[in-house]
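J.: need the 3D shape of this:
(one chain, ligands or ions: 1)
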Amino acid sequence: MTDSRPPLSADAHWLHSLLQHLPDPVWLKNPDGVYLYCNRAFEQLFGAEASAIVGRRDRDFVDAELADFFRARDLLAVHLNTALSNEEWVTFPHNGHRALLHVIKTPLHNGSALVGVLGIGRDITRLHQVTERLAQQERTLRYVMQATGEGVWDWDTRSGMLLHNSRWSEITGIARDQEQHPLADFVAQVHEDDQLAVNSLIARCLRGEAPYYSEHRIYRSDGRIIWVQDRGNVVEWDEHGLPTRMVGSISDITVRKQAEQALRASEARFRAIFENVDALAIQGYAPDGTVLYWNRASSRLYGYDAQEAIGRSLYELIIPPPAREAVRQEVHWMFAQQQGAPAAHLQLQHKDGHLVDVHSSHTVVNTGDRLMLFCLDIDLGAQVRAESARQESEQRYRALFAASADGVLVVCGQQIVDANPAAARLFACEVGDLLGLSPCMLSPPTQPDGRDAAILIEHYLPQTQQQHLLQCEWRFRRPDGSLFDADLQLAAVILGGISHVLVSCRDVTQKKKDTQLIWQQANFDQLTGLPNRHMLQNRLEQEIARSQRDGLQLALLLLDLDHFKEVNDTLGHRAGDELLQLAAQRLQTCVRHIDTVARLGGDEFTVIVSTLEHAQQAGEMAERILQALGAPYHLGDDIAYLSASIGITICPDDSSELETLLKNADQAMYAAKGQGRNRSCFFTPSMQLAAQTRVRLGKDLRQALASGQFRLHYQPILALHSGRIAGAEALLRWQHPQRGWISPAEFIPLAEDSGLIVELGSWVFAEVCRQLQQWRQLRPQLHISVNVSPIQFFADNANLLQWPALLAEHGLPGDSVVLEITERLLLDNRDQVSTQLHALRQCGIRVSLDDFGTGYSSLSYLKKFAIDYLKIDQSFVRHLETDGSDRALCEAIIAMAHRLDMRVVAEGIELAAHRDWLCTAGCDFGQGFLFARALPAAEFEALLQQSQPF
Ligand SMILES: Nc1nc2c(ncn2[C@@H]2O[C@H](COP(=O)(O)O[C@H]3[C@@H](O)[C@H](n4cnc5c(=O)[nH]c(N)nc54)O[C@@H]3COP(=O)(O)O)[C@@H](O)[C@H]2O)c(=O)[nH]1
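T.: Residues are numbered from 1 along each chain as shown. As a prediction, the model looks like this:
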């Protein structure tokens, strides 16, 4: 540097030397901007000697713009009178070098005078470049830190602060707006169960034992617990070797952890399943066949438990000896190929030696440390047994199908695809003829009830698929055109995976006929074809309901043929049947089509007369019936005459109850009979009373005999030509404790109905014997007539044949008694009658035929039975003086009897004229009120003693 001023002092020299050796450029410019001084560093910077610089201005070295800038900064420093620093880029023209200078410009005064502006510069280009590079690196690092998915942290162990990126904040949830936090904040977030481990790991790392690595849970500030993976290492130490800085990263591994947990759970589950799954026997084998895994199902399937099996050889355990070599090779192949052989049905060996059917799948798995062959065996035992059972069952069902008595058609869609032999028999064709047909083609177009044949395939078959079972009756037509009715049972079945319907057909044609016959028999009388009692009840129920609905009356007629039994007995049952049929036909002609004629049984009929406008209509119908039935019946060569007694009851007037109506009609019919038969009688409430009385009397009757309430009265029988008493008729009397004397006409029928007549008749006979024994003292020829009911001949306890012995006991001859029987008895064809009558007559007992002329009067029995007396019924005697025909009848009876060597007794003689006429007519004996009523024994005895002729 050239100095034009006086030489320097020592201090100045030292200063000059110092400035000259300063590495930084130093210069001095006067207030006008002219260089006064510059040091060596300045010279080097400007690329010029000091001599070339001093005295010159900035414009001489740099471009004008920069020179002006320098000048402006110089002036500003002067103006502000303070040191100003700035950085300026300067391009030096001498070498084009561009440098960043840090410049301090200071106004320099000498006293108060401004010397100039002192400039000290430093070339900071390199520093700037380094700083820039560092800044760039930091930015890059910051971008990387921000861009990375991991939270990066930098822990200053001395300050305890943790510098981190925003991702760290995101993961931990700790405030994002700060870049650093005390480590304690983070540690506080670690899950309490993991804190110990985390602290220990950090401590290890700080001790330099191992890099820090931890997977643990933290509580995020939002309360969630997440899993993090945190890792780091010490990067700086102090001079004592203590760690001062540790950096690392944290990442959210919650998803992975959850996946791992799920995987572990899944593995545990699968292991549990594998272990416990019943249906799958799983075994794992080493390449040499050693058992490594053996689940419970394997134990069950093969009989070895896991302890027994593991470690032993597959071949010796479950492979039957003949198959061992082949299996060994196959196992070898699988390991070599690292793949399982195709699944197969195998027969393996159980511990106890029996073979086990399994479906076996194989797979070779690399377990990480080794290859294992896993076998998954499904026990086919049940399946094999089921299959064999199924085959057996199929054979059995095939056999059943073939042997079934019912025809079975197997229908698929609408076509018959199979049929059994029974079906072929049913349709009278070959099985093959049925195949391919639709069941409709085997049916007439319409069913008897109007159903269209198509309904079978359009409705019944699809319906069966839904309901599985359907039953109906169906009429089929065979290929030959004949028809038959069948009970159809349609059942949905799956055959070979396809829906079919089995149509079982049972021919019910005969069953229907039988049912119809049974119904017919249950509801109709076989003889007459009329509805029977059962049907009558049904119809009556309906008619009663209808009557109630329509508000109309109906009548119930109960009709009993009078003396029908006599016809039956005399002309035989065939004639009786014929007569009943004719009577039934006549009855039907008397009623309207809406009425019902029924036969209740025997000679009893009923008529339901429906929709009556008035009750009298029923009476008129009854009259028509009586007339129709009264006409003669031509029964072969015989002609029979018949009348009927009809009881009529009206619904609802009398009752609306079926049973009551039947009872009413019976009581009315009973009344009609009581009134002389051949008539009808409407039910009246008094009949019910009478019936009730009858019931009561019937009960009282049982007591009456034991209580001695019966007495015998005796009506004298006179020899008409002498007027003297020849005998008497014993007539029973009942002195009822409440009702007084009750007529035998009332109680004898009750005694007959109850069977008590047998006992009663025995008492009468014994009483007669006792009286006779006494009276025969007075009148040795006296005989007494005893009425004998037919019941006494037929009852199980009948004792008529003991009577002769009784007579003998009383010292009485047989002819001291006369048994009065009725035609009713003689009309019975049973041998019992003739046998007993014959035996009694053998003992001398005589027989009188009572009420002669009132019954059927078939005179043939007069030849068959030995009769001693004929008693002309009082109904003929009563009108002798007025009725010529009665007289003729009586004359005929007397003449006939005498011709047959019988005596005649006329009863009911009330007038002397009757007596006289009968006497003239030759009648032998007579009885009647003209002579005496039936008298108590004492009175009769008194009469005997008088011995006066009447
Ligand atoms: N099985 C038995 N039947 C008996 C017995 N006792 C009587 N009877 C039968 O009872 C019916 C009614 O008998 P009863 O009321 O005694 O009537 C008898 C006479 O009293 C009556 N009679 C006689 N004379 C006249 C007369 O002039 N006028 C008139 N109106 N009635 C007269 O006739 C009845 C006798 O009839 P019959 O027997 O046909 O001779 C009656 O059927 C008795 O048979 C008995 O012990 N057992």
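J.: and the pLDDT for the residue of the stretch 451-600 of the chain found nearest the ligand?
T.: Distance from the ligand to each residue of the stretch 451-600 of the chain (Cβ to the nearest ligand atom) is smallest for residue 563, at 15.8 Å. All C-beta atoms are positioned from the backbone trio N, CA, C, and that covers glycine. Note for residue 563: predicted pLDDT of 84.
J.: so how many other residues sit close to it?
T.: 20 (other Cβ atoms under 10 Å).
J.: you'd agree it is up against residue 642?
T.: Yes. The pair residue 563 / residue 642 is scored as a contact, 7.5 Å apart, by Cβ atoms under 8 Å.
J.: near residue 749, how many other residues are there?
T.: Neighbours of residue 749 using other Cβ under 10 Å come to 17.
J.: what sits against the residue lying closest to residue 224 once chain neighbours are set aside?
T.: Leaving aside its sequence neighbours, residue 224 sits nearest to residue 173 (Cβ to Cβ, 6 or more residues apart in numbering; 7.7 Å). Counting by Cβ atoms under 8 Å, 6 or more residues apart in numbering, residue 173 touches 189, 220-222, 224.
J.: against residue 258, how distant is residue 173?
T.: Using Cβ to Cβ, to the nearest Å, residue 173 is found at 18 Å from residue 258.
J.: and residue 785, by the same measure?
T.: Counting by Cβ to Cβ, the gap from residue 785 to residue 258 is 127 Å.
J.: out of the two, which sits in the more crowded spot?
T.: The neighbour count for residue 785 versus residue 258, taken as other Cβ under 10 Å, is higher for residue 785 (26 against 12).
J.: doesn't the more buried one lie inside a strand?
T.: Yes. Residue 785: assigned to a strand according to DSSP: H, G, I helix; E, B strand; the rest coil.
J.: might one say that it is in contact with residue 818?
T.: Yes. Proximity of residue 785 to residue 818 meets the contact threshold set by Cβ under 8 Å, at 4.3 Å.
J.: what touches both of those two?
T.: Counting by Cβ under 8 Å, 6+ apart, the residues touching both residue 785 and residue 818 are 727, 848.
J.: and the helices in the stretch 651-800 of the chain, which stretches?
T.: Secondary structure of the stretch 651-800 of the chain, counting by DSSP state H, counting those that start in this stretch: helices at 658-674, 685-706, 744-754, 756-775, 791-794.
J.: was I right about residue 648 contacting residue 622?
T.: Yes. If you go by Cβ under 8 Å, residue 648 and residue 622 touch, sitting 5.9 Å apart.
J.: identify the contacts common to these two.
T.: With Cβ under 8 Å, 6+ apart, residue 648 and residue 622 have common neighbours 557, 680.
J.: neighbours around the nearest residue to residue 237 once chain neighbours are set aside, how many?
T.: The spatial neighbour of residue 237 that comes closest, neighbours along the chain excluded (Cβ to Cβ, 6+ apart), is residue 243 at 5.5 Å. Number of residues near residue 243 (other Cβ under 10 Å) recorded here: 18.
J.: and the helices in the stretch 351-500 of the chain, which stretches?
T.: For the stretch 351-500 of the chain, applying DSSP H, counting those that start in this stretch gives helices covering 381-403, 421-426, 431-434, 455, 461-467.
J.: would you format these as a markdown table with mean neighbour count, distance to residue 22 and mean pLDDT included?
T.: Shown next, in a markdown table, are the helices of the stretch 351-500 of the chain (neighbours: other Cβ atoms under 10 Å; distance: least, Cβ to Cβ, whole Å; pLDDT from 0 to 100):
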| stretch | mean neighbour count | distance to residue 22 | mean pLDDT |
| --- | --- | --- | --- |
| helix 381-403 | 12 | 106 | 80 |
| helix 421-426 | 19 | 132 | 93 |
| helix 431-434 | 16 | 131 | 93 |
| helix 455 | 17 | 127 | 92 |
| helix 461-467 | 15 | 115 | 85 |
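J.: how about those helices, which one is nearest the ligand?
T.: Among the helices of the stretch 351-500 of the chain, helix 421-426 comes nearest to the ligand, with 66.8 Å by Cβ to the nearest ligand atom.
J.: just checking, what packs against that closest one?
T.: If contacts are counted by 3 or more Cβ pairs under 8 Å, 6 or more residues apart in numbering; DSSP states H and E, helix 421-426 sits against strand 407-412, helix 431-434, strand 498-507.
J.: pick the most deeply packed of these.
T.: Highest mean neighbour count among the helices and strands packed on helix 421-426 (mean count of other Cβ atoms under 10 Å): strand 407-412, with a mean of 21.
J.: and that one, how far out from the chain middle?
T.: Strand 407-412 sits 27 Å away from the centroid of its parent chain (Cα atoms, centre = their mean, to the nearest Å).
J.: just to revisit the earlier point, quick one, what contacts the residue nearest to residue 237?
T.: With Cβ under 8 Å, 6+ apart, residue 243 has these contacts: 157, 206, 208, 234, 236-237.
J.: picking that back up, which of the contacts of residue 173 has the largest number of neighbours?
T.: residue 189 (19 neighbours).
J.: am I right that it is in contact with residue 220?
T.: Yes. Using Cβ under 8 Å, residue 189 is in contact with residue 220, at 7.4 Å.
J.: overlap in contacts, the two.
T.: 172-173.
J.: the ligand versus residue 257, what's the distance?
T.: Applying Cβ to the nearest ligand atom, to the nearest Å, the value for residue 257 to the ligand is 120 Å.
J.: does that residue belong to a helix or a strand, and which?
T.: According to DSSP states H and E, residue 257 maps onto helix 254-276.
J.: which of the residues in that helix are classified as buried?
T.: For helix 254-276, burial by neighbour count (16 or more other Cβ atoms under 10 Å) applies to 254, 257, 274.
J.: span of stretch 20-28 from start to end?
T.: Using Cα to Cα, to the nearest Å, the end-to-end distance of stretch 20-28 comes out at 13 Å.
J.: which residues are in contact with the closest residue to the ligand within the stretch 851-950 of the chain?
T.: Going by Cβ to the nearest ligand atom, the ligand is nearest to residue 928 of the stretch 851-950 of the chain, at 3.2 Å. Residues near residue 928 by Cβ under 8 Å, 6+ apart: 874, 877, 906-910, 914-915.
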